[in-house]
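Enquirer: Here's my sequence, what's the structure:
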Amino acid sequence: MSENRVTLVDALKGLAARRDGQRFIEVLSHGTLSVEIYAPRGRDPQTPHTRDEAYVVVQGRGEFINGMERHPFGPGDFLFVPAGVEHRFVDFTDDLVVWVIFYGPEGGENSV
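Expert: Numbering: from 1, shown residues only. All right, here's what the predicted structure looks like:
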């Protein structure tokens, strides 16, 4: 992986190489930008994050809880979660893979 480009194949290889059981790995960072690949299995144990976050669904389908809302999702969908909001993937297929993009200041863009 280069500092400015990461392929899905390389990101998934990095994830597969983890030996600690975690289902995510950071694959690129620059300033406040952090890009991860995330592939939960069975359940999504996420808790609210301290920065704004976006997801791009690579593969898989299910529902996404975002605060008080619940939406179906599928490949190609873009999902945004403001900092501090409860969120998680539910009822998802066992092939779920998403790009995760964290950015901005602690507390989110609205905190500036």
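
Enquirer: check contacts around the most centrally placed residue in the chain.
Expert: Ranked by distance to the mean C-alpha position of the chain (C-alpha atoms, centre = their mean), the top residue is residue 100 at 2.9 Å. Counting by C-beta atoms under 8 Å, 6 or more residues apart in numbering, residue 100 touches 24, 35-38, 53-55. Any C-beta I mention is one placed from the backbone N, CA and C, and that applies to glycine too.

Enquirer: Tell me the secondary structure of it, please.
Expert: Three-state call for residue 100 (DSSP: H, G, I helix; E, B strand; the rest coil): strand.

Enquirer: Nearest spatial neighbour of it, chain-adjacent residues omitted?
Expert: Nearest non-adjacent residue to residue 100, counting by C-beta to C-beta, 6 or more residues apart in numbering: residue 36, 4.1 Å away.

Enquirer: Could you say which helix or strand holds that neighbour?
Expert: strand 33-38 (DSSP states H and E).

Enquirer: how far does that strand sit from the chain's center?
Expert: 7 Å (C-alpha atoms, centre = their mean, to the nearest Å).

Enquirer: Please report how far the residue nearest to the centre of the chain lies from residue 90.
Expert: 17 Å (C-beta to C-beta, to the nearest Å).

Enquirer: Please apply the same query to residue 3.
Expert: 35 Å.

Enquirer: next one: residue 64
Expert: 7 Å.

Enquirer: so what's in contact with those two at the same time?
Expert: The contact lists of residue 64 and residue 90 share residue 70, where a contact means C-beta under 8 Å, 6+ apart.

Enquirer: between the two, which one's more packed in?
Expert: residue 64 (22 against 11; other C-beta atoms under 10 Å).
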